[in-house]
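Enquirer: Got a sequence here, can you model it:
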Amino acid sequence: MPNIFKVPRNRKALDQLYLTGKSPHSNELEGAYTVQMLTGIIPDFSWLGHTKNFRHTANGVEGENRFGAGFKWGKFRVQEQNWPNGTQTVIDYAQPSNLFSRGIRDTLVIVEPGRVYLGKFYYVVGGKPRFFGYFLLIKQE
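Expert: Residues are numbered from 1 along each chain as shown. Down below sits the predicted model:
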């Protein structure tokens, strides 16, 4: 069972924490991070070993989600993008190999530098990202 970092699960408190946070640079993300869903329609699968795995490549920062050591899904690219509230580091799933996850976009802010990030999960509907919930990324030791 992963070591789960404690933050409020209240939407208003998470909104405030996110608004006061700073977006990390994509190069800060490397290795495996446990995913802990906090709010929204997606259940928390951290108990199944849900991770986001980041690696630096010639094309920038890329990765995928995993359950345990084997099942991989949702390949992504990480990059800085202009969003309505300014430049954000975005985990972008718009990859040809993704069937159902192409519309997912995640944005991040730093909670604990190099270790814990608070993310917002969006799904693009009609060309516009729609907010679906909050999650944490917690660096695995």
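
Enquirer: Output the below-cut-off pLDDT ranges for this protein.
Expert: Applying pLDDT under 70 to the chain picks out residues 1-5, 41, 46-47.

Enquirer: hey, where'd the strands end up in it?
Expert: In the chain, the strands defined using DSSP state E lie at 31-37, 50-57, 60-67, 71-83, 86-92, 104-112, 116-125, 128-139.

Enquirer: could those strands go into a markdown table alongside distance to Tyr18 and mean neighbour count?
Expert: Quick note: C-beta positions are derived from backbone N, CA and C, even for glycine. Listed next are these as a markdown table, based on distance: least, Cβ to Cβ, whole Å; neighbours: other Cβ atoms under 10 Å:
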| stretch | distance to Tyr18 | mean neighbour count |
| --- | --- | --- |
| strand 31-37 | 15 | 20 |
| strand 50-57 | 18 | 18 |
| strand 60-67 | 21 | 18 |
| strand 71-83 | 13 | 15 |
| strand 86-92 | 11 | 17 |
| strand 104-112 | 6 | 19 |
| strand 116-125 | 6 | 20 |
| strand 128-139 | 7 | 18 |
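
Enquirer: looking at those, which is closest to Asn98?
Expert: Closest to Asn98 of those is strand 71-83 (Cβ to Cβ; 6.0 Å).
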